[in-house]
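[1] Have a look at this prediction, sequence included:
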Amino acid sequence: MRSVTGYWQRNLRLIAWLLTLWFVVGFGIAFFARELSFDFFGSPFAFWVASQGALVVYVLIVVFYIWRMERLDGELDDRAD
């Protein structure tokens, strides 16, 4: 039973870190990017960061979560054997 409790604690800690990263990217970087006033690929850089850069980070968050949870699930399976 202890390994399942540890599994959920690690899972929730990972979710908390990834949600913090999501918040920083979604609100922090997009907010401060307004101060950047140069063009990037024909659009203002702030627009590019908000519309493209943030989406890339969101996809990377999902991919990282999947990868990490597969490893964590494997560790739990190894302990059960």
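    Alright, I've got the coordinates. Keep in mind the model is a prediction, meaning the values are calculated, not measured.

[2] quick one: the residue nearest to G26 when sequence neighbours are not counted from P44, how far?
    Closest residue to G26 apart from its sequence neighbours, by CB to CB, 6 or more residues apart in numbering: A54 at 6.2 Å. Bear in mind the C-beta positions are built from the backbone N, C-alpha and C, glycine included. Distance check for A54 against P44: by CB to CB, to the nearest Å, it reads 15 Å.

[3] Three-state assignment for the residue nearest the centre of the chain, please.
    Centroid-nearest residue in the chain: I61, 3.0 Å away (criterion: CA atoms, centre = their mean). Classification of I61 using DSSP: H, G, I helix; E, B strand; the rest coil returns helix.

[4] Assess the claim that the residue nearest to G26 and V24 are in contact.
    No - with contacts counted by CB atoms under 8 Å, A54 stays clear of V24, the gap being 10.4 Å.
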